[in-house]
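Enquirer: Okay, here's the prediction I keep looking at, along with the sequence it came from:
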Amino acid sequence: MINNEEELLNLTTISFGNVEEEKADKISDKDEEISEGYDKYEDLDSENQENQENKNSVKIEIDIENLVERTYNSRKEMGKEIKGWASYLGFNLRFGTREEYLVKEACHKSTLECNKKYCPFYLEFRTSENSDKYQLFFAWNVHNHALKNRDKASDITPEILERINQLKGIAKNTGKLTEAINKEFNKNFNAEIIRYQLKKIKDQDFGFISDDAYTLVKMFEEEEKKSHLFFKKKLDENNILENFCFMTKRMEKLYTHFNDIIVMDATHKTNRFGLPLLDIVVVNNLGQTCTVFVAFLKNQKFESFLWALNEFKNFIDLLVTPKSF
Ligand SMILES: [Zn+2]
């Protein structure tokens with residue numbers, strides 16, 4: 001509970017800061033700001049039951065230690081991970097203002113704010129002069145409301161699991177599925193927990209993703225010996241399959257005949273493994289497009305495409321001998 005009135009006043013004032021940077025300043029500007037903030041607070045209080053809850057609750061600090069060292073490759077990745085993390089702890093975050101570029105510091109700045117009205121909690125992430133990766137730069141670690149008690153993964157009963165299994169093909173997305181489960185079983189699961197259950201069910205149905213990679217490589221290597229199909233793979237330092245590409249004998253034939261125009265395109269992670277797929281097609285004598293080269297890539301970065309296209313080039317160099325004029 002609130003220890004003294006001043007603490008409550010501080011809290012109230014902070015909550016009214018519209019721009020993050022102003023929040024800190026406002027505490028020092030007590031006299032004017034507090035009374036204004038407090039009045040507003042009282043007005044809204046009578047209007048809205050939710051605010052009553054805010055007024056009666058205390059400052060809640062959460063453990064953000066584990067965020068300090070972490071870095072994120074993009075704003076999107078950061079948002080996804082941090083929102084998941086918050087939701088797990090019982091509150092929701094949304095992006096604050098649009099991403100800003102700070103000229104003096106030569107970095108990008110993005111904030112995530114608590115979704116609860118008038119809650120001052122926010123996290124500020126920045127890239128740095130030397131790195132495009134986002135890292136926690138500042139945290140206003142105070143919630144003025146109670147955090148939701150989430151049900152844990154251990155609260156998933158066999159009945160709930162069975163229901164998830166039944167609904168997995170029907171529900172539009174994981175969010176809707178979570179909603180349905182929560183309603184039916186009177187629970188408060190977070191979508192991340194349901195997503196994890198879905199993954200477990202998938203693993204049971206289709207085998208583990210890591211097993212798939214192993215089986216795939218083995219299959220291609222055997223096929224390579226048998227039919228001399230073209231297959232190249234790239235492993236990382238931990239022996240994890242990063243990229244692979246192949247061209248079957250039939251693809252070879254098609255390419256040898258119809259290599260006047262080649263078209264390439266990548267799909268964006270539409271498969272179970274979340275890997276971008278690069279495929280190269282040619283147009284045959286009937287005007288049909290035929291796939292002649294397939295590559296699964298770790299990401300859609302320059303290096304990955306370079307790797308795949310180099311492999312493609314190495315291979316077709318062996319195939320097509322220059323015609324004499
Ligand atoms: Zn909050």
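Expert: Good, I have the coordinates. Numbers count the residues shown, from 1 in each chain.
Enquirer: Can you find the helix or strand in the protein with the smallest mean pLDDT?
Expert: In the chain, no helix or strand scores lower on mean pLDDT, DSSP states H and E than helix 30-47, which sits at a mean of 38.
Enquirer: Got the domain ranges for the protein?
Expert: Using automatic domain parsing, the domain parsing of the chain gives 5-140, 153-206, 210-319.
Enquirer: State the number of residues packed around residue 315.
Expert: The tally of other residues near residue 315 (other Cβ atoms under 10 Å) stands at 18. Any C-beta I mention is one placed from the backbone N, CA and C, and that applies to glycine too.
Enquirer: What of the one 4 residues further on?
Expert: Residue crowding around residue 319 was assessed by other Cβ under 10 Å; the count is 13.
Enquirer: pretty sure it is touching residue 256, no?
Expert: Yes - contact status for residue 319 versus residue 256: in contact at 5.7 Å, counting by Cβ atoms under 8 Å.
Enquirer: what about the residue in the stretch 201-325 of the chain that the ion sits nearest to, is that helix, strand or coil?
Expert: In the stretch 201-325 of the chain, no residue comes nearer to the ion than residue 274, which is 31.2 Å away by Cβ to the ion. At residue 274, secondary structure determined by DSSP: H, G, I helix; E, B strand; the rest coil is coil.
Enquirer: How many residues are close by it?
Expert: Taking other Cβ under 10 Å as the criterion, the count of residues near residue 274 is 11.
Enquirer: Tell me how far residue 73 lies from the ion.
Expert: The span separating residue 73 from the ion equals 27 Å under the rule Cβ to the ion, to the nearest Å.
Enquirer: wait, isn't that residue in contact with residue 135?
Expert: No - applying Cβ under 8 Å as the test, residue 73 and residue 135 come out as separate, 11.2 Å apart.
Enquirer: Give me the more crowded residue out of these two.
Expert: Neighbours per residue (other Cβ under 10 Å) separate residue 73 from residue 135, with residue 135 holding more: 17 against 11.
Enquirer: Three-state assignment for the closest residue to residue 234 other than its chain neighbours, please.
Expert: Counting by Cβ to Cβ, 6 or more residues apart in numbering, the nearest residue to residue 234 once its immediate chain neighbours are dropped is residue 243, at 4.4 Å. Taken by three-state DSSP, the conformation at residue 243 corresponds to strand.
Enquirer: I'd like to check which residues are in contact with residue 243.
Expert: 233, 234, 295, 296, 297, 298, 304, 307, 308 (Cβ atoms under 8 Å, 6 or more residues apart in numbering).
Enquirer: just checking, which of those residues belong to strands?
Expert: When strands are assigned by DSSP state E, the members of the contacts of residue 243 inside them are 233, 234, 295, 296.
Enquirer: are any of those residues buried, and which?
Expert: 233, 295, 296 (16 or more other Cβ atoms under 10 Å).
Enquirer: what residues does this protein put near the ion?
Expert: By the rule Cβ under 5 Å from the ion, the part of the chain lying against the ion is 114, 116, 119, 121, 143.
Enquirer: Correct me if wrong, but the second one is in a helix.
Expert: No - assigned with three-state DSSP, residue 116 falls outside any helix and is coil.
Enquirer: Distance of it relative to residue 62?
Expert: Residue 116 sits at a distance of 13 Å from residue 62 (criterion: Cβ to Cβ, to the nearest Å).
Enquirer: Need the residues touching each of those two.
Expert: Among the neighbours of residue 116, those also in contact with residue 62 (Cβ under 8 Å, 6+ apart) are residue 143.
Enquirer: thinking again about what came up before, quick one: residues contacting the residue of the stretch 201-325 of the chain closest to the ion.
Expert: Shown in contact with residue 274 (Cβ under 8 Å, 6+ apart): no residues.
Enquirer: Of the buried ones among the ones in strands among the contacts of residue 243, which is the nearest to residue 182?
Expert: Top of the list for closeness to residue 182, among these and by Cβ to Cβ, is residue 296 at 36.1 Å.
Enquirer: tally of neighbours for residue 310?
Expert: A total of 12 residues lie near residue 310 under the criterion other Cβ under 10 Å.
Enquirer: which element is it on?
Expert: Secondary structure assignment for residue 310, by DSSP states H and E: helix 302-319.
Enquirer: counting contacts, what elements does that helix pack onto?
Expert: Counting by 3 or more Cβ pairs under 8 Å, 6 or more residues apart in numbering; DSSP states H and E, the packing neighbours recorded for helix 302-319 are strand 230-235, strand 241-247, helix 249-257, strand 277-283, strand 289-296.
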